[in-house]
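Visitor: Sharing a sequence plus its predicted fold:
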Amino acid sequence: MNFPDQPTLTGETLHLRPLRGDDIPALTHAASDPAIWAGHPARDRYKPEVFAPYAHMLLRSGGALVVTDKASGSVIGCSRYYPAPETPKAYGIGYTFLTRPYWGGAANREMKALMLDHAFEHMDQVWLHVDPANIRSQRATLKIGARFVEEAQRNLGGKIGIWRCYVVERDAWRACQT
């Protein structure tokens with residue numbers, strides 16, 4: 001599939017653009033809060049020496065978007081499009097984190113809306129893979145109309161593990177918007 005996985009997307013309060021090498025220091029700073037990673041399998045990713053290989057993997061892999069607050073211009077997180085292991089005709093959205101002031105509300109929803117709207121211009125479904133221990137992300141995933149499919153072993157970003165696999169269908173996403 002010829003999917004443009006590094007678009008520039010602009011919403012009401014957020015701006016998403018392709019991750020660049022010169023974004024790594026600001027992204028590392030944004031990721032430096034231990035609370036961001038508390039419900040994540042890489043609980044020590046707030047440490048610069050642990051975050052650095054992850055950030056460089058995002059840069060090498062493609063599909064990664066840095067998220068900035070439009071008003072301040074500050075880097076507040078990132079997310080990524082990646083080929084879904086379930087089907088060659090779909091992509092996933094993941095590898096997402098936001099700084100704490102942007103949790104649990106409008107920012108995460110706006111970011112996902114921008115990314116899903118872009119994806120649904122090119123495909124019928126988008127996958128999300130969530131660590132079974134990450135309850136916060138599982139709840140957010142359900143709020144956007146995702147349907148739980150299975151808990152299964154997947155190789156995502158070079159990490160083989162058990163993931164909770166969700167799919168968002170274009171029609172279900174549109175129904176959530178009304």
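Guide: In hand now; what should we look at? Numbering: from 1, shown residues only.

Visitor: Quick check on the nearest residue to Pro34 once chain neighbours are set aside: phi, psi?
Guide: Residue nearest to Pro34 in three dimensions, not counting chain neighbours: Tyr46, with 4.5 Å by Cβ to Cβ, 6 or more residues apart in numbering. All C-beta atoms are positioned from the backbone trio N, CA, C, and that covers glycine. For Tyr46, the backbone dihedrals (degrees, to the nearest 10) come out as phi -70, psi -20.

Visitor: what about Tyr46, how many neighbours?
Guide: 18 (other Cβ atoms under 10 Å).

Visitor: That one: what's it in contact with?
Guide: Residues near Tyr46 by Cβ atoms under 8 Å, 6 or more residues apart in numbering: 31-34, 36-37.

Visitor: how about 10 Å then?
Guide: 28, 31-38, 40 (Cβ atoms under 10 Å, 6 or more residues apart in numbering).

Visitor: what does Leu19 give?
Guide: 6, 27, 55, 58-59, 61-67, 75, 78-80.

Visitor: can you give me the strands for the protein?
Guide: For the chain, the strands defined by DSSP state E cover 9-10, 14-18, 64-69, 75-83, 91-98, 125-130, 147-156, 159-169.
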